[in-house]
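Novice: Output the structure for:
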Amino acid sequence: MTTKETLKVVVGAGEHNNNPQWLQTQETDLNLLRRVEWEKKFSPNSLEAILAEHVWEHLTYEEGTKAAKICFEFLKPGGYIRCAVPDGYFPDEEYQAGVQVGGPGPKDHPAASHKIVHNYKTISSMFEEAGFNVSLLEYCDEMGGFHYNDWDENKGFIYRSKRFDHRNKNGNLGFVSLIVDAKKPIKN
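Specialist: This is a model prediction of the structure:
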């Protein structure tokens, strides 16, 4: 299968990725900030979905908006990005220390390249600036209250979520993500 035929793409495919029918990419395959790489692989308005689990926090707000605009161009009308990032409002000190900008510990730790810790307002405004309509799937509010809106894992599986992360047991949340669907509007 060539990438021109692929309709669903995972950017930054990680170890917990459970989207086997999707095209799996890493930054070396498809850089979110390099439109020319997207042009080589896809036609504008050709993708059904893009999945990014814990990727956008490695971009500044401005870079995230630029990446969202590039994705917007290559998604079909009605297509979407399912994006999960660490949640800046999750009320757990250890979690926040682990996801902070610059990350904990050594420079080779994955979190060392975190450039932003999003909350539901910043992630929504970033995708809205790029032209998307945003639906919040899982997020914490300013008071640390967790909100969950049912979502279909077949439309983009997110491991680090309320239902699937092994750290969430017996009704206790040990690890959550801020998860959104950013949908490209269908023009009339």
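Novice: What's the per-residue pLDDT of the residue nearest to Asn119 when sequence neighbours are not counted here?
Specialist: In space, and not counting its chain neighbours, Asn119 is closest to Gly88: 4.1 Å by CB to CB, 6 or more residues apart in numbering. Using the backbone N, CA and C atoms, a C-beta is placed for each residue, glycine as well. In this model, Gly88 is scored at 97, pLDDT.
Novice: For Gly88, give me its contacts.
Specialist: Listed by CB atoms under 8 Å, 6 or more residues apart in numbering, the contact set of Gly88 reads 96, 99, 117-119, 122, 178.
Novice: Can you tell me the SS state at it?
Specialist: Here Gly88 is recorded as coil under DSSP: H, G, I helix; E, B strand; the rest coil.
Novice: same thing with Tyr95?
Specialist: helix.
Novice: pretty sure it is touching Leu178, no?
Specialist: No. Counting by CB atoms under 8 Å, Leu178 is not a contact partner of Tyr95; they are 11.9 Å apart.
Novice: neighbour count winner among the two?
Specialist: Leu178 (26 against 17; other CB atoms under 10 Å).
Novice: If you drop the residues flanking it in sequence, what lies closest to the more buried one?
Specialist: Leu178 sits nearest to Asp87 (CB to CB, 6+ apart), 3.9 Å away.
Novice: Going along the chain, name the strands of the protein.
Specialist: 8-11, 23-25, 47-53, 75-85, 133-140, 146-148, 178-183 (DSSP state E).
Novice: weakest of those strands by average pLDDT?
Specialist: For the strands of the chain, mean pLDDT drops lowest on strand 23-25, to a mean of 90.
Novice: strands paired with it, and their directions?
Specialist: In the sheet, strand 23-25 lines up against strand 8-11 (parallel) (DSSP bridges).
Novice: The helix or strand bottoming out on mean pLDDT in the chain: how far from the chain's middle?
Specialist: Lowest on mean pLDDT, DSSP states H and E among the helices and strands of the chain sits strand 23-25, with a mean of 90. Mean-position distance between strand 23-25 and its chain equals 14 Å (CA atoms, centre = their mean, to the nearest Å).
Novice: dump the residue contacts of the residue lying closest to Ala68 once chain neighbours are set aside.
Specialist: Spatial nearest neighbour of Ala68, excluding adjacent residues (CB to CB, 6+ apart): Ala130 at 3.5 Å. Going by CB under 8 Å, 6+ apart, Ala130 touches 65, 68-69, 71-72, 182.
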